[in-house]
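Enquirer: Below are the sequence and a predicted model for it; my questions follow.
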Amino acid sequence: MTTTSPAVQPSARTDTSPPVGVSCTNLAKRFPDGTVALDDVTVECPAGGITVLLGPSGCGKTTLLRCVAGLETPTSGAVLIGGRDVSAVDAGLRGVAMVFQNHALYPDKTAEGNLAFPLKMAGVPKHERTSRVAAVAELLRIDGLLKRRPGQLSGGQRQRVGIGRALVREPDVLLMDEPFSSLDAELRVEMRAEFLALQRRLGMTTLYVTHDQVEALSLADQLVVLRAGRIEQATSAEEMFRRPATSFVAAFLGGMNLLTGTHRAGRLHLPGHPDGLPLPPSVPVPTGDVTVGVRPEDLRPGPGTGADLVLELTTVLTELLGRERLVHGQLGELRVKARLHADIDVGERLIVHASPADLHLFGPDGLRS
Ligand SMILES: Nc1ncnc2c1ncn2[C@@H]1O[C@H](COP(=O)(O)OP(=O)(O)OP(=O)(O)O)[C@@H](O)[C@H]1O
C-alpha cells in the first residue's frame, strides 16, 4: 500500500501507479487438524480486473483470499503481488484491503470514524484523513450519513461503509469475501451493479469470493471454480459458461442436467431406463460410460426433428419462475429440469428435445470430451 498517494477522487483512481496483478503459485494450506483447505492452487489474477472465486461451501475460497491477504500462512507455495513475493510480508504491508460479509464495523464509531480509522492507524495526518474520507464517502454516496453509527444505518449503507473503509486505504488489491450475501435479494443485485460500476471506474485489481453463480457470472473478468481445495477451471465467465471443462463445473454453473449412462450402438442406457435413449447421429459420443449435459433452458417442448435428443419425462414438480416454469421430470432414476413456457401439471407426460449443438459431453473422469 502506498501511504503517500493522493486522496481517492470520485471520478477516477488517483493512485497513478498502474494496477498490479496477483499470482498464487502452488499454494497449499493444511490446518493443524489435518484439513487440507488448499491443494496446489496456481492462479493468475489479472491487474485491474475482477477475479471471482466460486465454489461450494468448504472448497477453500475464503482460505485462498486469506492467504493473499496475509491473514493465513500457506503450508507451501507463494503469493506474488505486482510480481513481488509477499509470502513473508505482514498483512498490513501487502497493499491489500478486505471487505467482509458482516462488514465488521466498529459499532461505537460513526461512519466517518470507521472510514478514518485505518488511515489513523497508518499515521495519515488529520487534514489528509478528512479529505480522503470525504472523497470516498462521496464516491459511495454515504456523505450524508457520516455522523451516524452502524446501528443507525441500513444493511446496504453499512456495507457501503465497509467498502469505503477498504477503499480509503487506496489498496493495490481489493479482497471481497461474499460482501453482499447478508443483504436481501433486491439490494444484493443493486449493490452488485453499483460495485461493478465503481470497480470499472477505479480499475482496482479485485478478488471476489462468492458461492452464488449468478453473481459470479455478472462480475467476473476471470472466473475460478474451486472444488475441494483444487482449481476445477479458470477462464473468462463467458467461456466457462459456454464450454465447462468438467461435469462438476457444468452442474455448478447454470445447473446443467447431467445424463450419466453407458453408450452402446447409438443408445444411451440410463439407470432405471433400460431401453435407453437414441442419441442424435451427428453427435460423436464415445462408446462406454459417458455423461451428456444439457441446460434446462436448452430443452424445448415437443419431439423436435429427427436430429435432436428427445427426452420423455414424467412431471414430478413445477416451480413458477415468472414467465417460465422450471419443470422437474423423471427419466428412469434421473431427475431432469426443463425451463419452459408451458402450463403443465404434476403427473403429466412431457416430451422435450435439445439440438445437438446444445449437448455437452463428458467422459467417465468428468472431463469434457
Ligand atoms: N482454522 C481452521 N481449522 C481447520 N479447518 C479449517 C479452518 N478454516 C477453514 N477450515 C476448513 O478448510 C476448508 C475450506 O474452508 P473455507 O472457509 O476456505 O471454505 P469456503 O469455500 O470459503 O466455504 P464457505 O463458502 O462455506 O465460506 C473447510 O473444510 C473448512 O472447514
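Expert: Nice, thanks for sending it over.

Enquirer: can you map out the strands along the stretch 51-200 of the chain?
Expert: Shown for the stretch 51-200 of the chain, the strands assigned by DSSP state E, counting those that start in this stretch span residues 76-81, 84-85, 96-99, 173-177.

Enquirer: To the ligand, which of those lies closest?
Expert: Distances from the ligand to each of the strands of the stretch 51-200 of the chain were compared using C-beta to the nearest ligand atom; the minimum, 7.6 Å, belongs to strand 173-177. Bear in mind the C-beta positions are built from the backbone N, C-alpha and C, glycine included.

Enquirer: what helices or strands is the closest one leaning on?
Expert: For strand 173-177, the helices and strands in contact under the criterion 3 or more C-beta pairs under 8 Å, 6 or more residues apart in numbering; DSSP states H and E are helix 61-69, strand 96-99, strand 205-210.

Enquirer: Report whether stretch 229-236 contacts the ligand.
Expert: No: remark: stretch 229-236 sits outside contact range of the ligand, by C-beta under 6 Å from any ligand atom, the gap being at least 6.9 Å.

Enquirer: what pLDDT, on average, does that stretch get?
Expert: Confidence over stretch 229-236 (mean pLDDT, whole number) is 97.

Enquirer: Which residues does that stretch contact?
Expert: Outside of stretch 229-236, the residues within contact range by C-beta atoms under 8 Å, 6 or more residues apart in numbering are 29, 36-43, 55, 59-60, 220-226, 240, 244-246, 248-249.

Enquirer: Give me the distance from it to the chain's centre.
Expert: With C-alpha atoms, centre = their mean, to the nearest Å as the basis, stretch 229-236 stands 11 Å off its chain's centre.

Enquirer: Cross-check the contacts of stretch 229-236 against the ligand and keep the overlap.
Expert: Taking C-beta under 6 Å from any ligand atom, the overlap between the contacts of stretch 229-236 and the neighbourhood of the ligand is 37, 55, 59-60.

Enquirer: Farthest-apart pair in those residues, please.
Expert: Put simply, by C-beta to C-beta the two of those set farthest apart are A37 and G55, 11.7 Å from each other.

Enquirer: Could you tell me the phi and psi values at the nearest residue to L259 once chain neighbours are set aside?
Expert: Spatially, and ignoring its direct neighbours in sequence, L259 is nearest to V292 (4.5 Å; C-beta to C-beta, 6 or more residues apart in numbering). Listed backbone geometry of V292 is phi -100, psi 120, with angles given as degrees, to the nearest 10.

Enquirer: sorry, back to before: let me know which of the strands of the stretch 51-200 of the chain is the nearest to G254.
Expert: Per C-beta to C-beta, nearest to G254 of the strands of the stretch 51-200 of the chain: strand 173-177, 22.7 Å.

Enquirer: Show the low-confidence segments of this structure, by residue range.
Expert: Counting by pLDDT under 70, the chain shows low-confidence ranges at 1-16.

Enquirer: ok, now how distant is G366 from the ligand?
Expert: 20 Å (C-beta to the nearest ligand atom, to the nearest Å).

Enquirer: helices or strands up against the lengthiest helix in the chain?
Expert: Secondary structure of the chain per DSSP state H: the longest helix is helix 185-202. Applying 3+ C-beta pairs under 8 Å, 6+ apart, one finds that helix 185-202 contacts helix 155-167, helix 213-219.

Enquirer: Residue numbers of the protein in contact with the ligand?
Expert: Taking C-beta under 6 Å from any ligand atom as the criterion, the neighbours of the ligand within the chain are 31, 33, 35, 37, 55, 57-63, 211.

Enquirer: buried subset of the residues you listed?
Expert: 37, 55, 59-63, 211 (16 or more other C-beta atoms under 10 Å).

Enquirer: Can you list the buried residues in the longest helix of the chain?
Expert: Along helix 185-202, these residues count as buried under the neighbour rule (16+ other C-beta under 10 Å): 188, 191-192, 194-195, 198-199, 202.

Enquirer: One more: stretch 204-220?
Expert: By neighbour count on 16+ other C-beta under 10 Å, the buried set for stretch 204-220 is 204-213, 215-217, 219-220.

Enquirer: Specify which member of those residues is nearest to the ligand.
Expert: Using C-beta to the nearest ligand atom, H211 is the member of the buried residues of stretch 204-220 that lies nearest the ligand, at 4.9 Å.

Enquirer: which residues does the closest one contact?
Expert: When contacts are counted by C-beta under 8 Å, 6+ apart, H211 is found next to 54-57, 61, 178.

Enquirer: Can you pick out the most distant pair from these?
Expert: Using C-beta to C-beta, the pair of the contacts of H211 lying farthest apart is P56 and E178, separated by 13.1 Å.

Enquirer: In terms of neighbours, single out the busier of those two.
Expert: Set P56 next to E178 and count neighbours by other C-beta atoms under 10 Å: E178 wins out with 19 against 13.

Enquirer: can you list the domains in this structure?
Expert: Residue ranges for the domains of the chain, per automatic domain parsing: 22-242, 247-362.

Enquirer: which one of those domains is the most hemmed in?
Expert: domain 22-242 (a mean of 18; mean count of other C-beta atoms under 10 Å).

Enquirer: Give me the distance between the two termini of that one.
Expert: Distance between the boundary residues of domain 22-242 (C-alpha to C-alpha, to the nearest Å) amounts to 26 Å.

Enquirer: As CSV, the strands of the stretch 51-200 of the chain with distance to G144 would be great.
Expert: What follows is those, written out as CSV (distance: least, C-beta to C-beta, whole Å):
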stretch, distance to G144
strand 76-81, 35
strand 84-85, 40
strand 96-99, 21
strand 173-177, 24
